[in-house]
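Colleague: one predicted model, sequence on top.
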Amino acid sequence: MASEHSESQETSSTSLVEDSLTISFEDISYVVRHGILAGGRKTILNEVCGTFNAGELTVIMGQSGAGKSTLMDILAGYTKQTSGNIFINGRLRNEKSFRRRSCYILQDDRVQDMLTINESLHIAAELKLGNHISKQQKKRRIHEIITSLGLSSSKHTRAGLLSGGQKKRLAIGLELISDPPVMFLDEPTSGLDSSISKQIVYLLHLLARQGRTVVVTMHQPSAALLSMVDRLYAVVGGRCAYVGSVPQLLPYLEHMNLMCPPYHNPVDFLIEICVENASDLVESSGNGRNNRWTANISHETDSNLIEISSLSACKEVCLTTLPAPKEDPTSKILLALKSTYTTSFLKQFATLTRRSLLTIWRDPSFTLMTTGIHCAMALFIGFLFYNIGHDAKYVRDNYNFLYFSLMFLMFTAFSGVTISFPEQIPVIRREHFNRWYTTGAYYTSTIASTLPTQTVCTLSYAFIVYWLTGQPTELRRFAGFCFILLLVSYVGLCKGLLIGSLFNVKNGVVFGPFFIMPFTVFSGFFLRYYDAPFFVRWLFQASFLKHGLVGLVLSIYGMDRPKLVCSELYCHYSYPNLFLQDNYIVGEKFSMLILALFSIGIIVSIFAFIILKIRLKSKW
Ligand SMILES: Nc1ncnc2c1ncn2[C@@H]1O[C@H](COP(=O)(O)OP(=O)(O)OP(=O)(O)O)[C@@H](O)[C@H]1O
């Protein structure tokens, strides 16, 4: 009842369109299982409290492993706390509506390297603003973001060629398209030099001053960055050691009889001494409850800003053209929408497919190389098994050739995706969490944009080998041959997606073949169906390679193929039917094989989709 009440309160609050959101949290704990067999538990956050105001830049700092990212994940809604409450403007948070009004930029944030800044922002606008905003308004919004973030001179540069600072600004700009009033950023300055870090923190400061609630994590903000930070929230061992402004930190430490040496950065000093003084600091800060050191925060900070903005690195960013959330019509229109995603599944699918095809078009080297490899391999195999297809003497060799073709196409489809798909995960994770699109739209668009290349490669191979190896010149046999090879390569692709969703590139390369090898054993090539022990025979039905091999043999030797030419005195398989009998293929139906391949492909795709969905929900 309590939560229903709070939800209705929250819903009614959003209809009033609050432009600024203050986040407060009470007694947040996060406990994980530690060593499942031992049944142990590890407390990562221990009843922390705090308030992060709108209009302020808050930095969550602390040593590595202190719990900063975990706190951020919980506040952003990425992870669910074990206990405790989060309030938005004093009311219990409704996660669904909060996620529509916040964004989370993760540490290993990546952008689409092959797209220019302008293209990336246009795609983001299509996905995040949909048809609710006119084309003109979208263009204006993109222009505002590009100018405000100092990206005008490089707006036609591909993201892969941008500097670290420009990439980070682009990542921020992509989220600013829908103008969320709350922004979370995990380690936004990691890997950047001090001047670029200053520029990023200055940008975040300006965004906060426009009324947004900006929360970032940093290990240990340098003295140069501190003048732009409004609120420090120091975490030690999952508890709060200090919450307050930067200038108040020194008096706080002195109040605790912890004397910071002269000319020493008090933040560095706090980090150095916080572990051994953890209990006293946590007690003094009330684990985040004590507001004594937070008074007049923003006034203290602004006095330093004139000096900072004169820095050449900071001059690039100025939010003069970007409206503050309370003046921004875009955020008002989006707020009126009730659904989690702004655009329909079809719109998401179409935009994502366009983006993938554009990426492939921009970097054709991979597509050209794969097609080239398929053609080169086809020529090699064609000359190796040259003109054997019509001769009864070579039926066994022809069978080997069919099996090799199957394996080659399956493996190339499988390994290509196993390697390329995991690289996309960080990008999808951010975009999906920030409600650009559903997992289903992304997944189907990935399949749709991969199929054309796979089809071209498979058909190029099939055309070349079919004619070079002298297979029968009948359209129906050729069509059957191509169709089976296409289906097997598509199933290989789906299996690649499954492995790519499950593992990173390294583990995928190592463990991927283990998922394929059992299907090879039960393909009927090494071990025939009736020669296998009865209790493993069902595995033949589950092997897509078995259905593929039988399909290829039926295409070439089935369909009442007449007696073959024999180039020797005696050929055992002059009558193709005898070969079918010897391999237990008589009675197999082509339509059933196609149905089996389709079914296996669909089942594997569903599994891959479920795993991807689970993976995107967690940090794994
Ligand atoms: N699911 C989990 N299971 C076990 N331990 C976890 C889990 N999640 C986090 N931890 C541990 O909790 C501690 C805090 O992790 P967290 O990532 O929040 O730290 P952090 O302060 O952000 O560190 P860093 O700055 O190095 O990223 C770490 O010791 C981490 O190993």
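Modeller: Everything's here; your move. Quantities reported herein were computed from a predicted structural model and do not represent experimental measurements.
Colleague: run through who's touching stretch 372-381.
Modeller: With Cβ atoms under 8 Å, 6 or more residues apart in numbering as the test, stretch 372-381 has contacts from 401, 404-405, 408, 412, 457-458, 460-465, 468-469. Placement of C-beta: from N, CA and C, glycine included.
Colleague: ok, 7 Å please
Modeller: 401, 404, 408, 457, 460-461, 464-465 (Cβ atoms under 7 Å, 6 or more residues apart in numbering).
Colleague: how many neighbours does residue 607 have?
Modeller: 16 (other Cβ atoms under 10 Å).
Colleague: coming back round to it: out of the contacts of stretch 372-381, which are close to the ligand?
Modeller: Of the residues in the contacts of stretch 372-381, proximity to the ligand by Cβ under 6 Å from any ligand atom holds for none.
Colleague: okay, and the closest residue to residue 228 other than its chain neighbours sits in which element?
Modeller: The shortest distance from residue 228 to any non-neighbouring residue, by Cβ to Cβ, 6 or more residues apart in numbering, is to residue 205 (4.2 Å). Assigned by DSSP states H and E, residue 205 belongs to helix 194-209.
Colleague: in terms of secondary structure, what does that helix contact?
Modeller: Here helix 194-209 touches strand 57-62, helix 164-176, strand 213-218, helix 223-226, helix 312-315, going by 3 or more Cβ pairs under 7 Å, 6 or more residues apart in numbering; DSSP states H and E.
Colleague: give me the contacts around the following helix or strand past the fourth one.
Modeller: Counting by DSSP H and E, the next helix or strand C-terminal to helix 223-226 is strand 231-236. Residues external to strand 231-236 that are found in contact with it (Cβ under 7 Å, 6+ apart): 50, 52, 56, 58-62, 66-68, 71, 240-246, 249, 270, 274-275, 278, 281, 294, 297.
Colleague: check stretch 579-589 too.
Modeller: Here stretch 579-589 makes contact (Cβ under 7 Å, 6+ apart) with 395, 528-530, 550, 553-554, 557-558, 573.
Colleague: the same query, at a cut-off of 8 Å, please.
Modeller: If you take Cβ under 8 Å, 6+ apart as the criterion, stretch 579-589 is touched by 395, 399, 524, 528-530, 550, 553-554, 557-558, 573, 577.
Colleague: in helices only, show me these.
Modeller: Counted as lying in helices by DSSP state H, out of the contacts of stretch 579-589, are 395, 399, 550, 553-554, 557, 577.
Colleague: residues near residue 276, how many?
Modeller: Residues near residue 276, counting by other Cβ under 10 Å: 10.
Colleague: picking up where we left off before, make CSV from the contacts of stretch 579-589 and add pLDDT and distance to residue 449 to it.
Modeller: CSV is the format used below for the contacts of stretch 579-589 (pLDDT from 0 to 100; distance: Cβ to Cβ, whole Å):
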residue, pLDDT, distance to residue 449
395, 94, 40
399, 94, 35
524, 84, 33
528, 83, 39
529, 80, 37
530, 80, 42
550, 94, 31
553, 94, 33
554, 94, 32
557, 93, 36
558, 91, 35
573, 90, 43
577, 92, 43
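Colleague: could you check the pLDDT of the nearest residue to residue 493 once chain neighbours are set aside?
Modeller: Among residues not flanking residue 493 along the chain, residue 413 sits closest, at 4.3 Å (Cβ to Cβ, 6+ apart). The model reports residue 413 with a pLDDT of 92.
Colleague: right, and the ligand sits closest to which residue of the stretch 201-350 of the chain?
Modeller: Per Cβ to the nearest ligand atom, residue 219 is where the stretch 201-350 of the chain lies closest to the ligand, at 5.6 Å.
Colleague: give me every residue in the protein lying close to the ligand.
Modeller: Within the chain, the positions adjacent to the ligand are 32, 34, 42, 44, 62, 64-70, 219 by Cβ under 6 Å from any ligand atom.
Colleague: make it 5 Å
Modeller: Within reach of the ligand by Cβ under 5 Å from any ligand atom, the chain has these residues: 32, 44, 64-70.
Colleague: in those residues, find the pair that's most separated.
Modeller: Using Cβ to Cβ, the residues of the chain next to the ligand span at most 17.3 Å, a distance reached by 32 and 64.
Colleague: thinking again about what came up before, off-centre distance for the helix holding residue 205?
Modeller: Distance of helix 194-209 from the chain centroid (Cα atoms, centre = their mean, to the nearest Å) equals 26 Å.
Colleague: just want the angle from it to helix 164-176.
Modeller: 20 degrees (axes from the mean of the first three to the mean of the last three Cα atoms, to 10 degrees).
Colleague: buried residues in helix 194-209?
Modeller: 196-209 (16 or more other Cβ atoms under 10 Å).
Colleague: kindly export the helix or strand containing residue 73 (C-alpha atoms) in PDB.
Modeller: According to DSSP H and E, residue 73 maps onto helix 68-76. Extracted in PDB, the C-alpha atoms of helix 68-76 (Å, rounded to 0.1, in the frame of the first residue of the first chain):
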ATOM      1  CA  LYS A  68      31.700   4.500  -5.100                       C
ATOM      2  CA  SER A  69      30.500   2.700  -8.300                       C
ATOM      3  CA  THR A  70      28.200   0.600  -6.300                       C
ATOM      4  CA  LEU A  71      26.600   3.600  -4.700                       C
ATOM      5  CA  MET A  72      26.300   5.300  -8.100                       C
ATOM      6  CA  ASP A  73      24.800   2.200  -9.700                       C
ATOM      7  CA  ILE A  74      22.100   2.100  -6.900                       C
ATOM      8  CA  LEU A  75      21.400   5.800  -7.200                       C
ATOM      9  CA  ALA A  76      21.100   5.500 -11.000                       C
END
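Colleague: what packs against the helix or strand following that helix?
Modeller: Heading C-terminal from helix 68-76, the first helix or strand you meet, by DSSP H and E, is strand 83-88. The contact analysis (3 or more Cβ pairs under 8 Å, 6 or more residues apart in numbering; DSSP states H and E) places strand 83-88 against strand 23-34.
Colleague: so which other helices or strands are in contact with the strand it packs on?
Modeller: strand 40-52, helix 68-76, strand 83-88.
Colleague: what distance separates stretch 142-154 from the middle of the whole chain?
Modeller: Mean C-alpha position of stretch 142-154 versus that of the full chain (Cα atoms, centre = their mean) differs by 25 Å.
Colleague: how long is that stretch end to end?
Modeller: 14 Å (Cα to Cα, to the nearest Å).
Colleague: and it, which residues are buried?
Modeller: Buried-residue list, stretch 142-154, by 16+ other Cβ under 10 Å: 142, 144-151, 154.
Colleague: quick one: mean pLDDT for the helix holding residue 205?
Modeller: So the average pLDDT for helix 194-209 ends up being 87.
Colleague: just want the angle from that helix to strand 213-218.
Modeller: Using the same axes, to 10 degrees, helix 194-209 lies at 150 degrees relative to strand 213-218.
Colleague: could you export helix 194-209 as PDB, keeping only the C-alpha atoms?
Modeller: This file holds the C-alpha atoms of helix 194-209, laid out as PDB (Å, rounded to 0.1, in the frame of the first residue of the first chain):
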ATOM      1  CA  SER A 194      44.700  17.300 -16.300                       C
ATOM      2  CA  SER A 195      43.800  20.000 -18.800                       C
ATOM      3  CA  ILE A 196      41.100  17.900 -20.500                       C
ATOM      4  CA  SER A 197      39.900  16.700 -17.100                       C
ATOM      5  CA  LYS A 198      39.400  20.300 -16.200                       C
ATOM      6  CA  GLN A 199      37.400  20.900 -19.300                       C
ATOM      7  CA  ILE A 200      35.100  18.000 -18.600                       C
ATOM      8  CA  VAL A 201      34.600  18.900 -15.000                       C
ATOM      9  CA  TYR A 202      34.000  22.600 -16.100                       C
ATOM     10  CA  LEU A 203      31.300  21.300 -18.500                       C
ATOM     11  CA  LEU A 204      29.700  19.200 -15.800                       C
ATOM     12  CA  HIS A 205      29.800  22.200 -13.500                       C
ATOM     13  CA  LEU A 206      28.000  24.400 -16.100                       C
ATOM     14  CA  LEU A 207      25.400  21.700 -16.700                       C
ATOM     15  CA  ALA A 208      24.800  21.500 -13.000                       C
ATOM     16  CA  ARG A 209      24.400  25.300 -12.700                       C
END
